[in-house]
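# one predicted model, sequence on top.
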Amino acid sequence: MKSFIKNNWAYIMSGAAIGIVAFALTLLGNPANMGFCIACFLRDIAGSIGIHQAAVVQYARPEIIGIVLGAFAISLLKKDFKPTGGSAPVTRFVLGALVMIGALAFLGCPLRMVLRIGGGDLNAIIALFGFIAGIIVGVIFLNKGFSLGRAYDQPKLEGAVAPGASFFLLFVIILIPTVLIESTKGPGSMRAPIWAALIAGLIVGIIGQRTRVCFAGGIRDAVMFKQFHMVWCLLTIIIVTIACNLIKAAVTGVPFTFSFDNQPVAHSDHIWSFVGLFVVGLGSVYLGGCPFRQLVLAGSGSSDSAITVLGMLFGAALAHNLGTAGVAGATGGVPFRGEVALIGCVILLIAIGFMYRRKS
């Protein structure tokens, strides 16, 4: 046991910190089971700058800004800021969009998936199986030689674009917020105070940069190399979130239960939740990291990850402008357009897998 803790303590503590910070954000105003959601928050930012018109999901989330700036600050402090890029940028943009379409069909990224499990949402367990299946298929392609090519050293200015854009958005939020669109109802209207959201993002960004935590990468490494360090982080988030919800239930008297029904900002369309997170898992393996990892890498100087994040913003706009995103509620689910889109995403991802195989 001592050896286990010694080898995995950083990941266990990181998972505990992320779980506590995410739960605190829900107490301060974020939607339930959505202390953090990279896909949902990027979607909200896309709406706040007007590239989609879904009125209930429009808000410039400071958590995203905090993750990028936290990773940027600690990478500078630790002399780990290394601008790189040039690895199939257009394909990465497309992959980012596909990952976002998959995540918004399910209504959550891998981080929100584990937070939803910890919040009692059994629908997220179905999605977890899809996520793992997508990663396993990605590992098969990796073993067959899949690669988007190497990244090359870039000028420091190139690596500073994502942090610079984050600073600019923070400037706008604080000084001229009226130029942004904000939801007055729905999930976009549920928000923690700006200062709390920003601090939470900074903390999680620093953790992500120092530990290299990645939800897709953790499962990929467990499958390929039997290394489970990052899996313990994932499991710790779930355990800590369950504990926080049990404490809340004891204090408020509101029961905490696991169920498929009446979960916040969720639906029970299990087949398409599975397919949506399959897309996220496979796309994340191709990209070398889940949406959370892409934000952290963008803050650490990777222009490839910055382009991927732009792709995710574009994917969020597509999902809502074309009506492919999942609909929350007991009568919600993934619309027919979303089902078609998910099938198209799977076909495209498999095609990309074959096109980027490199013979040894």
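Thanks, I have the structure now. Numbers count the residues shown, from 1 in each chain.
# which residue ranges form the helices in the stretch 201-350 of the chain?
All helices of the stretch 201-350 of the chain, identified by DSSP state H, counting those that start in this stretch, fall at 215-225, 229-252, 270-287, 291-299, 303-321, 336-355.
# which of the ones you listed is buried the deepest?
helix 291-299 (a mean of 29; mean count of other CB atoms under 10 Å). C-beta coordinates here come from the backbone N, C-alpha and C atoms, glycine included.
# okay, the angle between that one and helix 270-287?
Relative orientation of helix 291-299 and helix 270-287, computed by axes from the mean of the first three to the mean of the last three CA atoms, to 10 degrees: 30 degrees.
# OK, contacts around the closest residue to C244 other than its chain neighbours?
Computed as CB to CB, 6 or more residues apart in numbering, the closest residue to C244 that is not its neighbour in sequence is F23, at 4.2 Å. By CB atoms under 8 Å, 6 or more residues apart in numbering, the residues touching F23 are 35, 240-241, 244-245.
# in this structure, which spans are strands?
84-85, 152-153 (DSSP state E).
# show me where the stretch 1-150 of the chain has its helices.
For the stretch 1-150 of the chain, applying DSSP H, counting those that start in this stretch gives helices covering 2-27, 38-48, 62-77, 89-106, 110-118, 123-143.
# what about the longest one, average pLDDT?
Per-region confidence: helix 2-27 scores 86 on mean pLDDT.
# any idea how far that helix is from the middle of the chain?
17 Å (CA atoms, centre = their mean, to the nearest Å).
# now the shortest one
For helix 110-118, the distance from its own C-alpha centre to the chain's C-alpha centre is 10 Å (CA atoms, centre = their mean).
# neighbouring contacts of that helix?
18-19, 22, 33-40, 106, 108, 123-125, 127-128, 131, 215-216, 234, 237-242, 244-245, 263, 266, 277, 280-281, 284, 290-292.
# thinking again about what came up before, nearest to M224, out of the strands of the chain?
Nearest to M224, of all the strands of the chain, is strand 84-85, at 22.9 Å by CB to CB.
# any idea how far the closest one is from the chain center?
Distance of strand 84-85 from its chain centroid, counting by CA atoms, centre = their mean, is 21 Å.
# got it, and stretch 14-33?
For stretch 14-33, the distance to the chain centre is 14 Å (CA atoms, centre = their mean).
# tell me the pLDDT at A328?
pLDDT, A328: 93.
# my error: substitute T331 in the last question.
pLDDT, T331: 84.
# how near is it to L277?
22 Å (CB to CB, to the nearest Å).
# what does E63 give?
From E63 to L277 the distance is 21 Å (CB to CB).
# show the pLDDT at the nearest residue to T26 once chain neighbours are set aside.
Excluding its sequence neighbours, the residue lying closest to T26 (CB to CB, 6+ apart) is G35, at 4.9 Å. Note for G35: predicted pLDDT of 93.
# W195: neighbour count?
By other CB atoms under 10 Å, 10 other residues sit near W195.
# if I look at it, how far off is L310?
Distance from W195 to L310, by CB to CB: 27 Å.
# what's the answer for V137, then?
Using CB to CB, V137 is found at 25 Å from L310.
# now I67: closest residue in space, sequence neighbours ignored.
Nearest to I67 is G205, by CB to CB, 6+ apart, at 3.8 Å.
# pLDDT at the one you found, what is it?
97.
# thinking again about what came up before, quick one, what contacts the residue nearest to T26?
Contacts for G35 (CB under 8 Å, 6+ apart) come out as 21-26, 115, 200.
# Serialize these to a markdown table and add fields for distance to P155.
Below are the contacts of G35 laid out as a markdown table (distance: CB to CB, whole Å):
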| residue | distance to P155 |
| --- | --- |
| V21 | 34 |
| A22 | 35 |
| F23 | 40 |
| A24 | 38 |
| L25 | 36 |
| T26 | 41 |
| L115 | 37 |
| A200 | 32 |
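# closest to S273 among those residues?
L115 (15.1 Å).
# okay, now the closest one: neighbour count?
Per other CB under 10 Å, the neighbour tally for L115 reads 27.
# for the spatially closest residue to G120 that is not a sequence neighbour, give its distance to H270.
Among residues not flanking G120 along the chain, F258 sits closest, at 4.6 Å (CB to CB, 6+ apart). To H270, F258 is 15 Å away according to CB to CB.
# so which bits of the helix or strand of the chain with the lowest mean pLDDT are buried?
Within the chain, no helix or strand scores below helix 2-27, which has a mean of 86 by mean pLDDT, DSSP states H and E. Going by neighbour count (16 or more other CB atoms under 10 Å), the buried part of helix 2-27 is 8, 10-12, 14-26.
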